[in-house]
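Participant: sequence-free structure coming up:
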């Protein structure tokens, strides 16, 4: 294994951690309606659980309302039930074949709670990044011990990995502060 492949692997895995953080944060409700909020809600579709997006069209009606239009008439009930039972705290309204999902306004206390959740997600992502740094450095130490690389190469590679770690931790901080600002905005 070469130094380039170790750093490339570390960077790729750190990128995946950032993407995972963004995905997790997109599930946290801000008070504005967006179609992605229902992405992780699964519906019972003829005995198997599938995401809502595979059985209905989810669209934004206005800043506080989503519209869910099932592709099959008989799916309105199961979709309504799945949204109610999700951890989102939403209360859908079924109007014949379509479903309206109003977004309740967030209270100040709920906003503070959500910022704590956002910070916890950010800290988890930072821990993942640091673990990747540790794994890469361990691999470098093993190469040094087996005399496959020199001490100078080891030090340079560790510096590169540390700079990469700092860059991604900074990116996480930026993403977290943006999400907190979005949540706290009334």
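Facilitator: Perfect, thanks for sending it. In this text, all values refer to a predicted model and were calculated from it rather than measured experimentally.

Participant: where along the chain do the strands fall?
Facilitator: 42-45, 48-51, 56-62, 65-70, 93-95, 98-102 (DSSP state E).

Participant: so which of those gets nearest residue 150?
Facilitator: Nearest to residue 150 among the strands of the chain is strand 48-51 (51.0 Å), distances taken as CB to CB. Any C-beta I mention is one placed from the backbone N, CA and C, and that applies to glycine too.

Participant: look up how far residue 118 lies from residue 179.
Facilitator: With the distance defined as CB to CB, to the nearest Å, residue 179 ends up 5 Å from residue 118.

Participant: so what touches stretch 92-101?
Facilitator: The contact list for stretch 92-101 (CB atoms under 8 Å, 6 or more residues apart in numbering) reads 33, 38, 56, 61, 65-70, 73, 76-77, 79-80, 83-84, 90-91, 102.

Participant: any idea how far residue 106 is from residue 57?
Facilitator: Counting by CB to CB, the gap from residue 106 to residue 57 is 26 Å.

Participant: okay, these two: which has more neighbours?
Facilitator: residue 106 (18 against 13; other CB atoms under 10 Å).

Participant: what's the spacing between the longest helix seen in the chain and its chain's center?
Facilitator: For the chain, the longest helix by residue count, based on DSSP state H, is helix 108-145. Relative to its parent chain, helix 108-145 has a centroid offset of 14 Å by CA atoms, centre = their mean, to the nearest Å.

Participant: quick one: buried residues of it?
Facilitator: Buried residues in helix 108-145, counted by 16 or more other CB atoms under 10 Å: 111, 114-115, 118, 121-122, 125-126, 128-129, 132-133, 136-137, 139-140, 143-144.

Participant: for the residue located most distally from the centre of the chain, give me the pLDDT.
Facilitator: In the chain, the residue that sits farthest from the middle, by CA atoms, centre = their mean, is residue 147; the gap is 40.5 Å. On pLDDT, residue 147 comes in at 88.

Participant: domain parsing of this protein, as residue ranges.
Facilitator: 3-28+107-184, 35-102 (the TED database).

Participant: show the end-to-end separation of the longest one, please.
Facilitator: So that's domain 3-28+107-184. 44 Å (CA to CA, to the nearest Å).

Participant: of the domains of the chain, which shows the lowest average pLDDT?
Facilitator: domain 35-102 (a mean of 86).

Participant: fine by me, thanks again.
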